[in-house]
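Colleague: I'll drop the sequence and a predicted model, then ask my questions.
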Amino acid sequence: MRIDATERAKMPAGTSKVLDSRSLQNSYSTLLPILKKGMRVLDVGCGTGAISAGIAEVVGDEGHVAGIDSSDHLIAKGKADFADIKNLELIEANLFEYDPPGKFDLIVSARVLQWLNNPEQALEKFRTLLKPGGQISILDYNHTKLEWTPGPPASMRKFYQAFLDWRADAGMDNEIADHLPQLFEKLGFHSIETINADEIAEKGEESFADKLGLWSKVAELRGPQVVKSGFVSEEERLKAIDEYNAWIKEDAESMIVKLKDVRGKV
């Protein structure tokens with residue numbers, strides 16, 4: 001029996017370590033040119049609010065940022081971490097049940113629609129929450145185009161394919177970044193634009209090992225779910241982590257994670 005995407009998308013314990021390392025500057029810098037003082041912004045799937053906090057700083061005291069996420073433990077951590085940011089509100093909420101007191105100038109969502117099996121319905125909900133003339137910005141992946149140089153160990157390639165198959169089995173779109181413009185058009189958004197936001201890591205950079213280590217963390221945090229669903233064995237998962245970490249230290253030269261920031265207005 002196929003498990004619902006909502007169940008598979010739930011953030012496991014330990015995910016906050018990945019989310020906390022992100023910031024507006026290092027993980028959503030394409031957004032900076034369209035942020036203005038005084039904006040009312042909604043960040044959907046905000047996690048611990050690390051990016052939301054950066055947005056709040058840019059829009060200033062006269063602006064307001066609401067971050068929503070369905071993971072209570074992530075929202076709780078974000079409220080503790082960013083309690084001193086007065087124009088930031090972090091809320092545990094389901095997007096489809098969220099009913100804010102006012103509409104927004106800008107709605108953003110980073111690396112979130114990839115976890116849904118109904119991204120079109122999510123975008124329709126976004127539209128209802130925008131002011132006239134408002135804009136959305138969706139930053140997301142095409143997982144099928146990930147580039148490693150040289151190729152990683154066969155064990156990690158096997159795990160990575162199992163991860164993609166596990167996602168697809170739940171109805172998640174592994175190529176969502178490339179499908180967003182067509183969805184925007186279908187839903188009647190205009191002024192649609194796509195900005196390349198690839199994340200490139202090259203040997204010699206200070207954060208090289210951490211960036212490539214993303215997939216070790218996926219195997220550690222999401223891997224047990226992939227194993228439980230029967231797409232890979234526990235032995236294969238552990239082997240992938242060990243051999244991939246060794247590859248990062250010894251052989252890895254670069255990695256390109258394919259991302260796009262797709263925008264549209266109402």
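Modeller: Structure received. Residues are numbered from 1 along each chain as shown.

Colleague: Confirm that residue 68 sits in a strand.
Modeller: Yes - secondary structure of residue 68 (DSSP: H, G, I helix; E, B strand; the rest coil): part of a strand.

Colleague: contacting residues for it?
Modeller: 42-46, 90-93, 95, 98 (CB atoms under 8 Å, 6 or more residues apart in numbering). Heads up, the C-betas are built off the backbone N, CA and C, glycines and all.

Colleague: Tell me what it is bridged to.
Modeller: Beta bridges link residue 68 to residue 44, residue 91 when assigned by DSSP bridges.

Colleague: separation between it and residue 230?
Modeller: 33 Å (CB to CB, to the nearest Å).

Colleague: Same check on residue 179?
Modeller: For residue 179, the distance to residue 230 - CB to CB - is 27 Å.

Colleague: go on, residue 258?
Modeller: Residue 258 is 28 Å from residue 230, where distance means CB to CB.

Colleague: which stretches of the stretch 51-200 of the chain form strands?
Modeller: 64-69, 88-92, 104-110, 130-141, 147-149, 190-196, 199-202 (DSSP state E, counting those that start in this stretch).

Colleague: of all these, which lies closest to residue 164?
Modeller: Nearest of the strands of the stretch 51-200 of the chain to residue 164, taken as CB to CB: strand 130-141 at 10.7 Å.

Colleague: Sheet partners, orientation included, of the closest one?
Modeller: strand 104-110 (parallel), strand 259-265 (antiparallel).

Colleague: so the last one versus strand 190-196, what angle?
Modeller: Looking back up the chat, that one is strand 259-265. Interaxial angle of strand 259-265 relative to strand 190-196 (axes from the mean of the first three to the mean of the last three CA atoms, to 10 degrees): 170 degrees.

Colleague: Strand 259-265 - what's its average pLDDT?
Modeller: For strand 259-265, the per-residue pLDDT values average out at 98.

Colleague: what's in contact with it?
Modeller: By CB under 8 Å, 6+ apart, strand 259-265 touches 28, 30-31, 34, 133-142, 177-178, 180-181, 184, 189-199.

Colleague: Go again with 7 Å.
Modeller: 30, 133-141, 177, 180-181, 184, 189-199 (CB atoms under 7 Å, 6 or more residues apart in numbering).

Colleague: again, but for the first one
Modeller: With contact meaning CB under 7 Å, 6+ apart, strand 104-110 is reached by 27-28, 31, 39-45, 51, 126, 129-131, 134-139.

Colleague: could you check the angle strand 64-69 makes with it?
Modeller: Interaxial angle, strand 104-110 versus strand 64-69 (the same axes, to 10 degrees): 40 degrees.

Colleague: one step back: filter the contacts of strand 259-265 to the buried ones?
Modeller: For the contacts of strand 259-265, a neighbour count by 16 or more other CB atoms under 10 Å gives the buried set as 134-141, 177, 180-181, 184, 189, 197.

Colleague: Most widely separated two among those?
Modeller: Across those (CB to CB), the longest gap, 24.5 Å, separates 134 and 141.
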